[in-house]
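Undergrad: A predicted structure for the sequence below; I have some questions about it.
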Amino acid sequence: MFGSEIVDVAIGMIFTYLLLSLICSALNELIERNLKNRATDLEKGLRELLNDPTGTGWVTKLYNHGMINGLFKGTYDPTASDKTNLPSYIPSRNFALAMLGLLAPDNPAVGSTVGFREAVGKVENIKIKNALSAMLNAAGEDVDMLRGSLENWFNSTMDRVSGWYKRRSQLIVFTLGFIAAAAMNVNSASIANDLWVHKAQRDALVSASQGYLGGHPGSEGQTTQDAGLTSTIKEIENHGLPIGWNIDWHRDLQGWIFFGITSLFGWFVTACAVSLGAPFWFDMLNKFIVVRSTIKPHEKSPEEKSKN
């Protein structure tokens, strides 16, 4: 049935993208873990949040506060080029308590914001002063509400920091995807053609994808450990994906140009697909397997005419 063949080709393509995405995502995690870019992103976000471009003011005070300083080893140096010793994550509650401690460390009014109002009035940083004043006005005399506002203020900035990380990760994964596609010749155009032409290969890949889903229920394609990277590479070797180099060296110049253009295009499409991430392709694979199960029951051979 024509419709089921298209679905099977799509499943084979999706399964290929999923496995390659797992490899690239794992490599990206290894890169991020070694470079500790998240710590740098967090420090940059705090500089913007506290309106402290040099990091010598409120940012230094914050990192040196006990609620934050206990999260990393060493000391905070705003002029240091290497900030890998800094924490890659700060709980919002720690941030809020540290800010309250910096504003009024000797505040005697327990449960009241009186001492904090006096401290905010002495803040020289206009942007921070305005932000804290707005939070104090909303909190009234409720210190818990003020702390909650500080946590929300911090979390809103962390959302931006997460956006920086996701955009950078997507670019890194795209680059890794293109390199992997070129190295292993994961050409989307040729893979689609091979799966369309060779039914046995198509059926084997569909069966492999179903087995993969059965062995990874609810995993959403997440693989961030070195062991996961190794197992994913073995998955590719075991399932015999339609990838790899099989070059016909007997080409004229026009043939080589056509080969180069189609290869670059196929690798680019593969890299774009990989940049969408393993969770996306895991979800898509689940959906297409469900679609396939609804189509297959209707694929019955024509009934033979009864003999009289």
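TA: Received it, and whenever you're ready, just let me know what you need.
Undergrad: Quick check: buried residues in the one helix or strand residue 289 maps to?
TA: Using DSSP states H and E, the element containing residue 289 is helix 278-295. Across helix 278-295, burial judged by 16 or more other Cβ atoms under 10 Å covers 278, 280, 281, 282, 284, 285, 286, 288, 289, 292. (Each C-beta comes from the backbone N, C-alpha and C, glycine too.)
Undergrad: from these, which has minimum pLDDT?
TA: Within the buried residues of helix 278-295, residue 292 has the lowest pLDDT, namely 84.
Undergrad: who's in contact with the closest residue in space to it that isn't next to it in sequence?
TA: Spatially, and ignoring its direct neighbours in sequence, residue 292 is nearest to residue 7 (5.0 Å; Cβ to Cβ, 6 or more residues apart in numbering). Listed by Cβ atoms under 8 Å, 6 or more residues apart in numbering, the contact partners of residue 7 are 288, 291, 292, 295.
Undergrad: And these, which is closest to residue 15?
TA: Lowest distance from residue 15 to those (Cβ to Cβ) belongs to residue 288, with 9.3 Å.
Undergrad: pretty sure the closest one contacts residue 10?
TA: Yes: Residue 288 lies in contact with residue 10 (Cβ atoms under 8 Å); the separation is 5.6 Å.
Undergrad: State the pLDDT value of the residue nearest to residue 292.
TA: For residue 7, pLDDT reads 89.
Undergrad: Following the chain onward from the helix or strand bottoming out on mean pLDDT in the chain, which element is next?
TA: In the chain, the helix or strand scored least confidently by mean pLDDT, DSSP states H and E is helix 226-239, which has a mean of 54. Sequence order places helix 253-275 as the next helix or strand after helix 226-239, per DSSP H and E.
Undergrad: Extract the C-alpha trace of that next one and format it as PDB.
TA: Only the C-alpha atoms of helix 253-275 are listed here, as PDB (Å, rounded to 0.1, in the frame of the first residue of the first chain):
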ATOM      1  CA  LEU A 253      33.700  16.200 -13.700                       C
ATOM      2  CA  GLN A 254      30.000  16.800 -14.100                       C
ATOM      3  CA  GLY A 255      29.300  13.700 -12.000                       C
ATOM      4  CA  TRP A 256      31.600  14.800  -9.300                       C
ATOM      5  CA  ILE A 257      30.000  18.200  -9.100                       C
ATOM      6  CA  PHE A 258      26.600  16.700  -8.900                       C
ATOM      7  CA  PHE A 259      27.800  14.300  -6.200                       C
ATOM      8  CA  GLY A 260      29.300  17.200  -4.200                       C
ATOM      9  CA  ILE A 261      26.200  19.400  -4.400                       C
ATOM     10  CA  THR A 262      23.800  16.600  -3.500                       C
ATOM     11  CA  SER A 263      26.000  15.400  -0.600                       C
ATOM     12  CA  LEU A 264      26.300  18.900   0.900                       C
ATOM     13  CA  PHE A 265      22.600  19.300   0.600                       C
ATOM     14  CA  GLY A 266      21.900  15.900   2.200                       C
ATOM     15  CA  TRP A 267      24.300  16.600   5.000                       C
ATOM     16  CA  PHE A 268      22.800  20.000   5.600                       C
ATOM     17  CA  VAL A 269      19.300  18.600   5.800                       C
ATOM     18  CA  THR A 270      20.500  15.900   8.300                       C
ATOM     19  CA  ALA A 271      22.300  18.600  10.400                       C
ATOM     20  CA  CYS A 272      19.100  20.700  10.500                       C
ATOM     21  CA  ALA A 273      17.100  17.600  11.600                       C
ATOM     22  CA  VAL A 274      19.600  16.700  14.300                       C
ATOM     23  CA  SER A 275      19.500  20.300  15.700                       C
END
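Undergrad: the longest helix in this protein is where?
TA: helix 143-184 (DSSP state H).
Undergrad: what's the offset of that helix from the middle of its chain?
TA: 8 Å (Cα atoms, centre = their mean, to the nearest Å).
Undergrad: for that helix, packing partners?
TA: helix 2-35, helix 37-49, helix 92-103, helix 126-139, helix 253-275 (3 or more Cβ pairs under 8 Å, 6 or more residues apart in numbering; DSSP states H and E).
Undergrad: Fine, thanks again, bye for now.
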